[in-house]
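In: A predicted structure for the sequence below; I have some questions about it.
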Amino acid sequence: MSDSLKKWLIRMVKILFPIAILTFVFMQGKKELSGLSLKESLEAIKLMPAGGFTLTIVLGAIAVSTMFFYDYLLIKSLNLRVSVGKIFRVSWTANSLNGIVGFGGLAGAGIRTMLYKEHIDDTKQLVKGIAWMTPSMLSGLSLLAFFVLIDVFSAKELLAEKQWLWIALIGVFLFLPVYLISSKHKGKETASATLTFKYTLVSVIEWLSAASVAHAILILLGSDIPASSVYGIFILSAIAGLISLVPGGFGTFDLTFILGFKYVGVQEEIVLTALLLYRIVYYFIPFILGLIFAIFEFGGNAIKKIEDKPIIGPALETTSVIWAVQRNFLSSLAYWALATLVFLTGLVQFILSIFPPDEGDFALFTQLIPPSVAYIANGLLFGTSLILLMSVTIYNRTKRTYWIVCGALVVGIIGNILKGFEIEETLWYAVMLSIFYFSSHLFTRIRKRVTAIGTLVRVGLLYYLVYSYFVLGLSTALLVNTEERFMTYTPSEFHLIFWTGIIFFILYYVGTVVLFEMKQKEQFGVSMTNEQLKDFFHTYGGNFLSHLVFLEDKQFFLSSDKKVLIQFARSGKKIIVLGDPAGEKESFREALQEFYDRADLFGYDIIFYQVDAELMPLYHDFGNNFFKLGEEAIVDLTTFTISGKKRAGMRATKNRFEREGYSFDIIHPPFSPEFLTELKDVSDKWLGKKNEKGFSLGYFDEAYLSHAPIAILRNTEQNIVSFMNIMPVYKEGVLSVDLMRHYPDAPSGIMDAMFINLFEWAKGEGYTTFNIGMAPLSNVGQSVTSFWSERVAGEVFNNIRYMYSFNGLRKFKDKYDPTWEARYLAHRKNRSLPATMIEVSRLIGKGMPKKK
C-alpha cells in the first residue's frame, strides 16, 4: 500500500469515525432517554440551595485552573522567561477553547505555539515540547482507569449494561505504561520520564477536579450517591467521550453520564440538570472567559510580534491543509472571540427578555416606578438582543458595527436596571462594554461591503428571530400562572414589549447607520493639480489611457513611494479603475496592495477596466477573473506608408480631399475662443440627440481639450469640418487619439483622410507607434462554447450605445494593418460578471459631470 493511500485512509478514518460515533450516540440516546422530561429537569434547579449556582461556578473555575500546571511545567522544561500571569492566561485560553473547538488538540497546541513563540529562539524545540505535553493530559485519565478496573471507583452497573465500555477502559489504561516507556526512551528535557511523571500527576488532579465539580452539583441537587460511584461513572464517561474524538466529548460523554447514574437509581431529571450545569460551569463559562483572554492576547501587537507563521510539524500528526485553516483561524481569533461574545450576549438576552424579572426584585422596583416602565425596558432589551444578534459581523472589524454594538450595550445596561435591577445581566453588559472600550484599536475598517446574498441572509435571520420571539412570547403569555411569578406576562403586556422592541430596533439601527455615514469623512483618493499630474507623467511615464486624468470625472490614488498613480471613479460601493497603473512597473505590486488595503478599509470592491494582458498575472494574484473587452489597434508608424498597390485606396482618398481643397493642420494650445466655438459646433452636430459618454471616453470639455494639440481638417471656405484631439501617452515615440468628430454631411472617407494625414504628421515628428482605439467585443463571446456569463456581459456592453456601432469598426481599422492588443476587465472571482458590466456601463453612460 502506497504512502499516499495510507494517508488518505487515515484522513477518512479521522472524519468518518466521529460521525459513526455520533450516529451511534443519537440512536442509543433516542432509545434510552425517550421518557426524559426537559421541563422536570429545569424544575430540578429549584432544589439547589441559595448560592449553589455561584458555588458551582467557583468550583468549575478552580477545576479549569488546575490545567495551568501543564503550561507551567512546559515553560520550566524549556527554561523560558514567561510571567505567571501570562502562563495562566495562555493556559486558560488554550484549554477552554480547545474544549469547544477541538481539532484533536490542535487548537490548544496552535494557541500555545503562537503565544509562547516570542519567548524562545528555537521554535522547533517549543513545538516538540507542546507535542509531548498534549497527550500527557490523558495519562492521568489512564491511571484513573486502573482504579475503575479494580473497583476503587465503582462503575459496575454501567459496565454490566454496556459491556463494550470494557474495551475502551482497558485501552485507555494501557496508554499510561506506553507513554511512560516512551519518555524513558526519549530521555530529553521536554520529554523526560521525570517531566512525564509530573504531567501525569497534573492530569490526575485535573480529572479528579472535574469529577468533583460534577459530584458537588449532584449533592446540591439533592442526590446522595456515594463519591466512589460518582468518580467511577464520570471517569468512564470521560473515556467514552475521549474515543469519540469529538471536542469535549459532546454526545458520548453526555449519554454515558446520564445512563451511568440512571443505572444506580438517580432520577433522570436530576442527572440531566447536573449534566447541563456541569457543561455550563466547566465548559461554557470558562469558554467565555477564554474568549476575553483571546481578545487581548491576539489583538493589537500580539500577532505582529510573530514574524514567521507557526508551523506544526509531524509530531502533531496533521495535514498542511488542516493547519492552514487553523492558522488563519488563530490569526483572527480576537475578532471571532468578540463576535462570539456579542452573539452569545444577544442570544441570552433574547431568551431572558421573554420572561419577567425575579419576583422579589420586581416587587421592589414597582414601589419606585410604575410596572409599565419595566415592560418598556424589557422591550428595549428585546430590541437590543436583535441588534447584537444582527451585529455578529463585528468580526469584519468595522467602526460602524463597533459603535452600533457599544451603543446597544449602553442601552442594555439601562434596560436591565429599569427592568428590575437585574444585577447579573447589568454587570455582564458593563464587562462587555469595558472589553469593547479596550479593544477599540482592533476596529480599523470604515465599513465592509454588503452583498445582496448577505443582506438576504440577515433579513431572513431577522424575520426568523422576530417570528420566533412573537410565537414563544405570546404562547408563554397565554400560559399565565397566577400562583407564581414564573411566566406572568399577559398578552397585552407582551404586545407592549414586542412592539417597543421592534420600533426601537428599527429606529436605532437605521439612525446609527445614517448618523455614522453623515459624520464619516471619506478620504480614499488624493487631490492632484494638473501641473502635478503632468510632472508625474513626465517623470515616471504613462499609458494609452493616462491622458484621461484631465477629465473631471476621475479620482487619484498615489502610492506611498509616489511612483505609481491609479485613476479611478466610484460607482456605488465599487471602485472602477481605468486602465493599468501608471508609473514605475517595479512598484506596481506594492502600490496595488496599498490600493486594495485602502479599498478594504472603506468596503469597496475593485474593478479594473481596459487592462493590458501583460499585467494579467499580477491582477490574478489579487484574486481577479478576466473578461475580454475587445482589442486595441496599434499602428507601427515606422512601416506605415500609402505607397504601393495595396494602399491605392488610401492614396486616392488623400488625393481626393487635397483636390477638393481640404487642408490638414495641427493646432497647439492655448486655443482661442473662436477656435473652440468652431469645434463645439462640429461636436454638437456630430452628437445630434446622443449624449456624451465619459470615464473611458473623452467628452467635449474646453479644459480637457486644452491639454494637448488638436488635429483639424478644413474645407475650401476654411471652416473646420472634422477634428481629433491628440492624446499624449507619456512614452517616447507613442501617441493616441480620443475624440474623432465631423459634420454629419461631411464627405465620405473623411475619417480615413484624417488618420492618413495624422499618421504622416506623427511620423514626421518622430513618433513610432500610434494607437487608433479599441474594437470593442472583438472576438468575444461569439462561440456557442463561450461562457454564458461572457455572452450575457457582451450583450450588456454592446447596448451601452457608443457614438458609433461596433459593427464594422474592426474592419475599418484593419486597413491600417495594426497589431491588435487585447484589453480586459478584471473583477473579483466571486462577483457576478453581468452585474459588474452593468456597473461599468452605468459609469460610462453618466457622461460628463455637471458644471458647478
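Out: Ah, there it is. Numbering: from 1, shown residues only.
In: surely Ile772 touches Asp817?
Out: No: assessed by C-beta atoms under 8 Å, Ile772 is found out of contact with Asp817, at 11.3 Å. Heads up, the C-betas are built off the backbone N, CA and C, glycines and all.
In: between the two, what contacts are shared?
Out: By the contact definition C-beta atoms under 8 Å, 6 or more residues apart in numbering, Ile772 and Asp817 are jointly contacted by Val635.
In: please identify which of the two sits among more neighbours.
Out: Per other C-beta atoms under 10 Å, whichever of Ile772 and Asp817 has more neighbours is Ile772, with 21 against 13.
In: pretty sure that one sits in a strand.
Out: Yes: with DSSP: H, G, I helix; E, B strand; the rest coil as the criterion, Ile772 is assigned to a strand.
In: and it, how close does it get to Thr54?
Out: Relative to Thr54, Ile772 is positioned 83 Å away (C-beta to C-beta, to the nearest Å).
In: again, but for Lys124
Out: 45 Å.
In: next one: Leu496
Out: With distances taken as C-beta to C-beta, Leu496 is found 33 Å from Thr54.
In: and for Lys225, the neighbour number?
Out: Check again: residue 225 is Ile, not Lys. The burial count for Ile225: 17, using other C-beta under 10 Å.
In: that one should be in a strand, yeah?
Out: No: using three-state DSSP, the secondary structure at Ile225 is coil, not a strand.
In: what's the pLDDT at it?
Out: For Ile225, the model assigns a pLDDT of 87.
In: wait, it sits on Phe261?
Out: Yes: counting by C-beta under 8 Å, Phe261 is a contact partner of Ile225 at 7.1 Å.
In: mind giving me the packing neighbours of the lengthiest strand in the chain?
Out: Secondary structure of the chain per DSSP state E: the longest strand is strand 624-636. Where contact means 3 or more C-beta pairs under 8 Å, 6 or more residues apart in numbering; DSSP states H and E, strand 624-636 is packed against strand 605-612, helix 616-621, strand 769-776, helix 788-798, helix 809-814, strand 819-828, helix 833-845.
In: buried stuff in the second one?
Out: Burial within helix 616-621, assessed by neighbour count using 16 or more other C-beta atoms under 10 Å, is assigned to 618-619.
In: how about that helix as PDB, C-alpha atoms only?
Out: Extracted C-alpha coordinates of helix 616-621, given in PDB (Å, rounded to 0.1, in the frame of the first residue of the first chain):
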ATOM      1  CA  MET A 616      -2.800  39.800 -16.000                       C
ATOM      2  CA  PRO A 617      -0.600  37.600 -13.800                       C
ATOM      3  CA  LEU A 618      -0.400  40.500 -11.300                       C
ATOM      4  CA  TYR A 619      -4.100  41.100 -11.200                       C
ATOM      5  CA  HIS A 620      -4.700  37.300 -10.900                       C
ATOM      6  CA  ASP A 621      -2.600  37.300  -7.700                       C
END
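In: starting at the chain centroid, how far to it?
Out: 22 Å (C-alpha atoms, centre = their mean, to the nearest Å).
In: does Ser643 count as helix, strand or coil?
Out: Secondary structure, three-state DSSP: Ser643 is coil.
In: need the overlap of contacts for Ile225 and Phe261.
Out: Residues touching both Ile225 and Phe261 (C-beta under 8 Å, 6+ apart): Leu218.
In: any stretches of the stretch 101-250 of the chain with poor pLDDT?
Out: 101-107, 184-190, 244-250 (pLDDT under 70).
In: all helices for it, in order.
Out: Secondary structure of the stretch 101-250 of the chain by DSSP state H, counting those that start in this stretch: the helices cover 106-116, 123-136, 139-149, 156-161, 164-173, 175-186, 193-220, 227-243.
In: looking at the ones you listed, which is buried most?
Out: helix 106-116 (a mean of 25; mean count of other C-beta atoms under 10 Å).
In: that one vs helix 123-136, what angle?
Out: Counting by axes from the mean of the first three to the mean of the last three C-alpha atoms, to 10 degrees, helix 106-116 points 140 degrees away from the direction of helix 123-136.
In: list the helices and strands helix 106-116 packs on?
Out: helix 68-77, helix 84-101, helix 123-136, helix 285-298, helix 320-331.
In: of all those helices, which one is nearest Ile607?
Out: helix 320-331 (26.2 Å; C-beta to C-beta).
In: now name the helix or strand holding Lys448.
Out: Here Lys448 sits in a region with no helix or strand, counting by DSSP states H and E.
In: show me what contacts the residue nearest to it when sequence neighbours are not counted?
Out: In space, and not counting its chain neighbours, Lys448 is closest to Asn396: 4.2 Å by C-beta to C-beta, 6 or more residues apart in numbering. Listed by C-beta under 8 Å, 6+ apart, the contact set of Asn396 reads 335, 445, 448.
In: hang on, Ile666 is in a helix, isn't it?
Out: No: with three-state DSSP as the criterion, Ile666 is located in strand rather than a helix.
In: am I right that it is in contact with Ile710?
Out: Yes: the criterion here is C-beta under 8 Å, and Ile666 meets it with Ile710 at 7.5 Å.
In: quick check: neighbours shared by the two?
Out: Ile726.
In: looking at those two, which is more packed in?
Out: Ile710 (22 against 15).
In: can you pull the contacts of the more buried one?
Out: Contact partners of Ile710, counting by C-beta under 8 Å, 6+ apart, are 666-667, 671, 679, 723-726.
In: and if we set it to 6 Å?
Out: 667, 723, 725 (C-beta atoms under 6 Å, 6 or more residues apart in numbering).
In: for the first one, which non-adjacent residue is spatially closest?
Out: Same thing as Ile667. In space, and not counting its chain neighbours, Ile667 is closest to Ile710: 5.2 Å by C-beta to C-beta, 6+ apart.
In: and the gap between the one you found and Arg651?
Out: For Ile710, the distance to Arg651 - C-beta to C-beta - is 25 Å.
In: next SSE after the helix or strand bottoming out on mean pLDDT in the chain?
Out: When the helices and strands of the chain are scored by mean pLDDT, DSSP states H and E, helix 320-331 comes last with a mean of 48. Next along the chain after helix 320-331, taking DSSP H and E as the criterion, comes helix 333-352.
In: that following helix: how far from the chain's middle?
Out: 17 Å.
In: so what does the residue nearest to Lys448 have for phi and psi?
Out: Backbone torsions for Asn396, taken as degrees, to the nearest 10, come to phi -80, psi -10.
In: that one and Ala61, how far apart?
Out: 32 Å.
In: redo the helices and strands packed on helix 106-116 as CSV? Include distance to Glu206.
Out: Formatted as CSV, the entries for those read as follows, by distance: least, C-beta to C-beta, whole Å:
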stretch, distance to Glu206
helix 68-77, 8
helix 84-101, 9
helix 123-136, 10
helix 285-298, 13
helix 320-331, 24
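In: which of these sits closest to His827?
Out: Minimum separation from His827 across the helices and strands packed on helix 106-116 (C-beta to C-beta) falls at helix 320-331, 24.0 Å.
In: all strands for the stretch 501-650 of the chain, in order.
Out: With DSSP state E, counting those that start in this stretch applied, the stretch 501-650 of the chain shows strands at 555-558, 564-571, 574-578, 582-583, 605-612, 624-636, listed in chain order.
In: quick check: which of these is nearest to Ser434?
Out: Of these, nearest to Ser434 by C-beta to C-beta is strand 605-612, at 35.7 Å.
In: who does the closest one pair up with?
Out: Here strand 605-612 has these sheet partners by DSSP bridges: strand 574-578 (parallel), strand 819-828 (antiparallel).
In: which of those sits most buried?
Out: Ranked by mean neighbours (mean count of other C-beta under 10 Å), these are led by strand 574-578, with a mean of 23.
In: what angle sits between that one and strand 564-571?
Out: When the same axes, to 10 degrees is applied, the directions of strand 574-578 and strand 564-571 differ by 130 degrees.
In: any idea which helix or strand comes after the strand or helix carrying Trp403?
Out: Assigned by DSSP H and E, Trp403 falls within helix 399-420. Using DSSP H and E, the helix or strand that follows helix 399-420 in sequence is helix 423-438.
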